[in-house]
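1. sharing a model prediction with you, sequence too.
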Amino acid sequence: MTSESLANGQFLHLSRFSPERIPCGENYTLRDGTVLSVLAPGVMQLTPATAPSRGLKHIVYSCGIHGNETAPIEICSDLLDSVITGDIKLVHRVLLIFGNLPAMNIAKRFVEENMNRLFSGEHANGPSNAERRRAAELEAFVTAFYATAAAGEEKLHYDLHTAIRESKNEKFVVMPFLNDGRHHSAKQFGFLHACGIQTYLLSSAPTTTFSYYSSATHKARGFTVELGRVKPFGENDMARFAAARESLIRLISEDDFAPSVDVNSLTLYKVNQVINRQQEDFSLHFSDDTPNFTDFTAGTLLASEPGVSYEAQQDGEAIVFPNAKVAIGQRALLTVIPTTLETMDV
Ligand SMILES: [Zn+2]
């Protein structure tokens, strides 16, 4: 196989439909010296020929952790094509991950279970299945990828998604909880804003998502990036993703793409209530198509189950990721309230 035979979407296509034909372990040197290392179906490492003049970055782009979230998958596949053809001149190391290949093939979020709840070792806490094995494998690739980063070099992970539900803020980022003395990064707000993102949800607890894993385990700057709405392959209006696509390309091809933003101009939320479904008879008191980030006045009944009612506790409290049909004991609704940041890292 040649590097050209992996271009034109073929790496993704073979990974999805003929994974046994993926030449795992092979390296291909492109004309400009960039090395493609095929690690597994849907996992490719890109190594530039020469290091940049200032700080090498180690950048993970993951997509399709949910199989039906096609726009980021198309963006990442196009990006790989452009590296192979030489249209993108790579200057930083990149690990490109197409996450849940079998789920892509059935156009579903997942086959057996939500892969983005299986990281930070959670994959080992239950009976094995394809998604648990894949989450474990992806953790190992990320670990190996970051292992060669020198002290002080930037480790970044953008886990790219699209949302099932309409959102008042089409693009938003879930920022992992930082419990290691770090603060949120001003430079990262600048980059994410350049991707077209105005809204940021600051998590307040550890979780088992892919981006939290990279952040907590590897001290990377990691983010769950929601870029818009779920659509089938080929039906995405790519103009809506243009700013994100351009910024993702500039980050890997410029020595230090570092746009800035006044963080006070952004919309920041923090979690106020985590409402878990405790009983069979659980209901949400707003309509099924209520967009994410719709806000309510204090005292509005949001959800109830026998003997318990959950109300908005303050004006402007907004709902995110509501799902009354989750398994008992799981999160059915998150509420968020506006917040500000006192302290930031560079
Ligand atoms: Zn997703």
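-> Looks like it came in fine. Numbers count the residues shown, from 1 in each chain.
2. get me the contact residues on the stretch 101-250 of the chain for the ion.
-> For the stretch 101-250 of the chain, the contact set with the ion under C-beta under 5 Å from the ion comprises residue 161. Any C-beta I mention is one placed from the backbone N, CA and C, and that applies to glycine too.
3. and residue 271, backbone torsions?
-> As for residue 271, its main-chain torsions (degrees, to the nearest 10) stand at phi -70, psi 130.
4. what's the burial count for it?
-> Look at residue 271: counted by other C-beta atoms under 10 Å, it has 18 neighbours.
5. list the buried ones in stretch 227-238?
-> Residues of stretch 227-238 classed as buried: 227-231, 236 (neighbour count, 16 or more other C-beta atoms under 10 Å).
6. which ones among the residues you listed are found in helices?
-> Judged by DSSP state H, the buried residues of stretch 227-238 include no members of helices.
7. and these, which of them are in strands?
-> Among the buried residues of stretch 227-238, the residues falling in strands (DSSP state E) are 227-229.
8. of those, which is the nearest to the ion?
-> residue 227 (9.9 Å; C-beta to the ion).
9. residue 247 contacts residue 257, correct?
-> Yes - Residue 247 is within contact range of residue 257, at 7.3 Å (criterion: C-beta atoms under 8 Å).
10. any common contacting residues for the two?
-> Residues touching both residue 247 and residue 257 (C-beta atoms under 8 Å, 6 or more residues apart in numbering) are residue 191.
11. only the C-alpha atoms, please, for whatever helix or strand residue 252 lives in, written as PDB.
-> Following DSSP states H and E, one finds residue 252 within helix 242-253. What follows is helix 242-253 as a C-alpha-only set of coordinates in PDB (Å, rounded to 0.1, in the frame of the first residue of the first chain):
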ATOM      1  CA  ALA A 242     -15.500  26.700   8.300                       C
ATOM      2  CA  ALA A 243     -14.000  28.700  11.200                       C
ATOM      3  CA  ALA A 244     -13.400  25.500  13.200                       C
ATOM      4  CA  ARG A 245     -11.900  23.700  10.200                       C
ATOM      5  CA  GLU A 246      -9.600  26.600   9.400                       C
ATOM      6  CA  SER A 247      -8.500  27.000  13.000                       C
ATOM      7  CA  LEU A 248      -7.800  23.200  13.400                       C
ATOM      8  CA  ILE A 249      -5.600  23.400  10.300                       C
ATOM      9  CA  ARG A 250      -3.800  26.500  11.300                       C
ATOM     10  CA  LEU A 251      -3.000  25.000  14.700                       C
ATOM     11  CA  ILE A 252      -1.100  22.100  13.200                       C
ATOM     12  CA  SER A 253       0.500  24.000  10.400                       C
END
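12. where do the strands of the stretch 151-300 of the chain begin and end?
-> Here the stretch 151-300 of the chain has its strands, by DSSP state E, counting those that start in this stretch, at 155-163, 172-175, 199-202, 221-229, 267-276, 283-284, 295-296.
13. now the helix holding residue 252: buried residues?
-> Going by neighbour count (16+ other C-beta under 10 Å), the buried part of helix 242-253 is 243-245, 247-249, 251-253.
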